[in-house]
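Participant: Mind folding the following:
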Amino acid sequence: MDPDGTLHNLKPIARLAVSGPDQEPRRYTDTAIGKGWFAAKIDPATGDAAKDVKPKDTAEAEGPAGPEHTGPELAPHLPMTAEELSAIRWRLDGGTLREVVDDRDALRELGERLDEPLADETDAIVKAGLLSVRAEVYRLLGELGMAAAASRLALAHAESAQDLQAQVIAQAELAHVLRLRGDSMEADRLFQRAVDAEVSPAVRSVVHENFGRSCFDQGRHMEALDHFARAVRLGSPEDTDLVERVGVCLEAVYIHVLRDGWGPYPRKPEDVLKPLDPKKNAPA
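Facilitator: Numbering: from 1, shown residues only. This next block holds a predicted model:
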């Protein structure tokens, strides 16, 4: 395996961000962010990871899913096509388990092309999804302050719409940003809340994968392995990208175990969710 990690399409926060609660894609999914992580292969009939669910062509799209949605069938300003998005590639660094983007200009252009849809969109759930994608763009560019602001705004829109999936996605993206900023305890609380939510296995698979990377940063290698294993079990058996990413993560864990040991025993969910003691800056 390439020591720098395998190249992937824009992931892991850009897919399910625009899927509805019934797992049918909302607006922009097929044309704007259909190649990102959160439009994961999900069987709309069961909510489970599907073996081969292909997105509809734009010409065949029947409009946003969900009987509650009363907006136009298709937004008139599509940020970019799936083909353009798939050209943006990133790799998982085998030493730090952080994403690295080589073509930063293309990624920045994608972020700029989200300006008009974000300005015009009125549906809170769709807006939360687009903001989650923008947060991922900022995060991959290393602009963590902007990424945190976008993900918090996405979470606010998702909470106002009372859409559980949109909330989980925004929580996971914010947690990822906080992990990179070194706030591991707050990041882990958000990750834990996300994996405990009653959303589809495909969503929780991606959250577990990123939760495992946060544990890796902290030297919690047993806990990291547990999350990586859960990510694989919950993901689609046809998702070769997931297998490759987890393979890079496992190799990194075992290298660190040989050098530093296994680290602390895994925490229980209730321990992760304990509030911080403001005097000690540690779980109460």
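Participant: Can you point out the buried residues in the host helix or strand of Arg179?
Facilitator: Counting by DSSP states H and E, the element that carries Arg179 is helix 164-180. For helix 164-180, burial by neighbour count (16 or more other Cβ atoms under 10 Å) applies to 165-180. Every residue, glycine included, has its C-beta placed from N, CA and C.
Participant: what do you get for stretch 108-126?
Facilitator: Neighbour-count burial for stretch 108-126 [16+ other Cβ under 10 Å]: 108, 110-111, 113-114, 117-118, 121, 123-126.
Participant: With stretch 196-214 instead?
Facilitator: 197, 199-214.
Participant: Please enumerate the helices of the stretch 151-284 of the chain.
Facilitator: Per DSSP state H, counting those that start in this stretch, the stretch 151-284 of the chain carries helices over the ranges 164-180, 184-196, 201-217, 221-234, 240-260, 269-272.
Participant: Could I have the CA atoms of the second one written out in PDB?
Facilitator: It stands for helix 184-196. Below are the C-alpha coordinates for helix 184-196, written out as PDB (Å, rounded to 0.1, in the frame of the first residue of the first chain):
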ATOM      1  CA  SER A 184     -10.300  15.900  21.900                       C
ATOM      2  CA  MET A 185     -12.700  15.700  24.800                       C
ATOM      3  CA  GLU A 186     -15.400  17.900  23.300                       C
ATOM      4  CA  ALA A 187     -14.800  16.200  19.900                       C
ATOM      5  CA  ASP A 188     -15.300  12.700  21.500                       C
ATOM      6  CA  ARG A 189     -18.500  13.800  23.200                       C
ATOM      7  CA  LEU A 190     -19.900  14.900  19.800                       C
ATOM      8  CA  PHE A 191     -18.800  11.700  18.200                       C
ATOM      9  CA  GLN A 192     -20.400   9.600  20.900                       C
ATOM     10  CA  ARG A 193     -23.700  11.500  20.600                       C
ATOM     11  CA  ALA A 194     -23.600  10.900  16.900                       C
ATOM     12  CA  VAL A 195     -22.900   7.100  17.000                       C
ATOM     13  CA  ASP A 196     -25.600   6.800  19.700                       C
END
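Participant: Can you name the residues in contact with that helix?
Facilitator: Contact partners of helix 184-196, identified using Cβ atoms under 8 Å, 6 or more residues apart in numbering, comprise 168, 171-172, 174-176, 178-179, 204, 207-208, 210-211, 214-215, 217-218, 230, 269, 272-273, 276, 282-283.
Participant: which stretches of the stretch 151-284 of the chain aren't confidently modelled?
Facilitator: 276-284 (pLDDT under 70).
Participant: could you redo the last one with a cut-off of 90?
Facilitator: Counting by pLDDT under 90, the stretch 151-284 of the chain shows low-confidence ranges at 237, 241, 274-284.
Participant: hang on, the earlier thing: among the buried residues of stretch 108-126, which are in helices?
Facilitator: 108, 110-111, 113, 117-118, 124-126 (DSSP state H).
Participant: what angle separates the helix holding Arg179 from helix 201-217?
Facilitator: 10 degrees (axes from the mean of the first three to the mean of the last three Cα atoms, to 10 degrees).
Participant: Could you list every helix and strand in contact with helix 164-180?
Facilitator: helix 124-140, helix 144-161, helix 184-196, helix 201-217 (3 or more Cβ pairs under 8 Å, 6 or more residues apart in numbering; DSSP states H and E).
Participant: Can I get that helix in CSV, CA atoms only?
Facilitator: Output of helix 164-180 as CSV, limited to C-alpha atoms (Å, rounded to 0.1, in the frame of the first residue of the first chain):
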residue,chain,number,x,y,z
LEU,A,164,-31.9,14.0,13.2
GLN,A,165,-29.7,12.9,10.3
ALA,A,166,-28.7,16.5,9.5
GLN,A,167,-27.9,17.0,13.2
VAL,A,168,-25.7,13.9,13.4
ILE,A,169,-23.8,15.0,10.2
ALA,A,170,-23.2,18.5,11.5
GLN,A,171,-22.1,17.1,14.9
ALA,A,172,-19.7,14.7,13.2
GLU,A,173,-18.2,17.4,11.1
LEU,A,174,-17.8,19.8,14.1
ALA,A,175,-16.2,16.9,16.1
HIS,A,176,-13.8,16.3,13.3
VAL,A,177,-12.8,20.0,13.3
LEU,A,178,-12.4,20.1,17.1
ARG,A,179,-10.2,17.0,16.9
LEU,A,180,-7.9,18.8,14.5
